[in-house]
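>>> Build me a model:
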Amino acid sequence: MLDIKSIYRKEIEYDFNVLIVGEIFKSTNKHLLIGGVDGKIRVYLNKNEVETLETKAGAIQHLELFDTTRFGSIDIISGDNSGNVIIFSNHQILYKDTLNGSVTSIVTHQSSNNDFCIAVGNNNGIISTMKPHQPLLWKYQLPLTSAIIDTLSQSDVLRDSRDNLELYRQHQINSEGLGSGGTSEYKSVVQIKSVKGLDSFNNDFSFLIVSENTCFVHIIDQGKTLCSIPTPSPVNCMCVGYFDSRYSSDKQIALGCENGFVYILHDDFKLDLYCQIGYPITSLLKLNTSDIKKEDNNNSNSNDEDSDSDNSDSLFISGKKIIVDYLFCTGNFNSLKVLKDRNMITEYKTDDWIHTLSIGDVENNSEKMIVIGKLNNTIEFLKISE
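So this is what the prediction gives:
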């Protein structure tokens, strides 16, 4: 049984959109970073504010941590509602670029040859990839629904899949009236995730998966569409991990949808139902079972039982045992729901909707916690134990 306890709660005196936990710059301590609508990034260490970074730009929508310079220091990447992408390195602005539209998603992506890029999505349906002080690497425009349907009608994604075929037919109906040019159709990037792993032949693969404001997700690589997949509802959030023991791949993609369902995209991009939540889902976050602290009062019998259950929901890849991950889910409801292997196992009730969350050793005591930010401008540190 998973136990969640609130150990710290604080009301924030400014409006914020996003928070993240991790190492920054040359420090090995974990910090809490909160991106405000005033364009400032407040940095906290062990619950104390230690620094404020000024972007001198718009409301911060997204934060990402990555060594963009490859000098061994973790940089801060921020994106705002005015299209500004700003990178802080060693407490100073290293790089700034302004793209058209509001930034809706940022992810760092490493290719199979360990090269990297920063992928930025906006509300104009464009993904731009960049590196500091270099020209844009490539751009990708979300395709119109009519073009996707034309491609899907001849695609293997629909073949031998009755559910996907029904989705395809429904999209055909919904797309009628857009006009042959599709000029009335509005496309926005909702979220981008990076996926990297080994295929069944032990070869490296990597790609980006992109969700949009309509009922499709796209698999892209180097600015090219590998495939487009119809979904039952617009996908608001995604998470990569091992969530469903029915399938042999450890690179499964959980899709949190507007219709209140979580779906799993697994082997060969097959889509299956995972769990029903009942309300629109806005965030998904995974936690490895090994990162959860086990209480000391477990007796030997319970340990044996845990061992048996671990074998039933585990996977062996290249001799390594992989256990099903926990999936944390938030949305238009007053709780943090915890899912594991297609079931909701527990939930933590909150006094308002959670709109941002992160996992990390925020107290620097070798114990990972969940940090949640709520619409009432409060944050909480949640301790997790089994």
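
>>> what is the rounded mean pLDDT of the helix or strand harbouring I127?
For I127, the host element (DSSP states H and E) is strand 126-130. Per-residue pLDDT values over strand 126-130 give a mean of 95.

>>> in its sheet, what does the helix or strand harbouring Q61 sit against?
Using DSSP H and E, Q61 falls within strand 60-66. If you go by DSSP bridges, strand 60-66 pairs up with strand 75-80 (antiparallel).

>>> re the thing from before, residues in contact with the helix or strand following the strand holding I127: which ones?
On the C-terminal side of strand 126-130, the nearest following helix or strand under DSSP H and E is strand 138-141. By Cβ atoms under 8 Å, 6 or more residues apart in numbering, the residues outside strand 138-141 that reach it are 125-129, 210, 220, 222-223, 225. Where C-beta positions appear, they are placed from N, C-alpha and C, glycine not excepted.

>>> Also stretch 229-238?
Contacts for stretch 229-238 (Cβ under 8 Å, 6+ apart): 152, 157, 164, 167-168, 171, 190-191, 193, 209, 211-219, 253-259, 261, 263, 265, 269, 271, 280-284, 331.

>>> what about it, distance to the chain center?
The chain centroid and the centroid of stretch 229-238 are separated by 13 Å under Cα atoms, centre = their mean, to the nearest Å.

>>> Same question for stretch 216-232.
What separates the centre of stretch 216-232 from the centre of its chain is 16 Å, taken as Cα atoms, centre = their mean.

>>> Any idea how far apart the tips of that stretch sit?
Across its full length, stretch 216-232 reaches 9 Å between end residues, using Cα to Cα, to the nearest Å.

>>> What mean pLDDT does that stretch get?
The model assigns stretch 216-232 a mean pLDDT of 92.

>>> Could you list the buried residues of stretch 70-85?
74-85 (16 or more other Cβ atoms under 10 Å).

>>> Output the residues you listed in TSV, with pLDDT and distance to H62 appended to each entry.
Listed next are these as TSV, based on pLDDT from 0 to 100; distance: Cβ to Cβ, whole Å:
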residue	pLDDT	distance to H62
I74	95	16
D75	96	14
I76	97	11
I77	97	8
S78	97	7
G79	96	4
D80	96	8
N81	95	10
S82	94	13
G83	95	12
N84	96	11
V85	96	9
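
>>> what bridges to T129?
Beta-bridge pairing of T129 under DSSP bridges involves A119, W138.

>>> Quick check: it vs Y140, distance?
Between T129 and Y140 the distance, using Cβ to Cβ, to the nearest Å, works out to 8 Å.

>>> what residues do those two have in common as contacts?
Common neighbours of T129 and Y140 (criterion: Cβ under 8 Å, 6+ apart): G223.

>>> packing partners for the helix or strand hosting S194?
For S194, the host element (DSSP H and E) is strand 189-198. Applying 3 or more Cβ pairs under 8 Å, 6 or more residues apart in numbering; DSSP states H and E, we find strand 189-198 packed against strand 103-110, strand 116-122, strand 126-130, strand 204-212, strand 235-241.

>>> Let me know which of those is tucked in deepest.
Between the helices and strands packed on strand 189-198, strand 116-122 has the highest mean count of neighbours, a mean of 24, where neighbours are mean count of other Cβ atoms under 10 Å.

>>> Outside of that strand itself, which residues are in contact with it?
The contact list for strand 116-122, computed with Cβ under 8 Å, 6+ apart, reads 64, 66, 68, 77, 79, 83, 85, 99-111, 127-131, 137, 188-192, 194, 208, 210.

>>> Same question for stretch 335-346.
Applying Cβ under 8 Å, 6+ apart, the contact partners of stretch 335-346 are 1-4, 243-245, 262, 274-275, 277, 313, 324-330, 347-350, 354, 357, 370, 372, 382.

>>> What distance do you get for I264 to N377?
Per Cβ to Cβ, I264 is found 34 Å from N377.

>>> Which residue of these two possesses the greater neighbour count?
Between I264 and N377, counted using other Cβ atoms under 10 Å, I264 has the larger neighbour count: 21 against 14.

>>> Where does the record place the domain boundaries for the protein?
1-98+354-386, 235-349 (automatic domain parsing).

>>> Dig out what K337 forms beta bridges with.
Bridge pairing for K337 - DSSP bridges - gives C329, E347.

>>> What distance do you get for it to L357?
When distance is defined by Cβ to Cβ, K337 is 12 Å away from L357.

>>> Where does pLDDT dip in the stretch 251-386 of the chain?
Counting by pLDDT under 70, the low-confidence segments of the stretch 251-386 of the chain come to 293-320.

>>> Having no further points to raise, I will conclude here.
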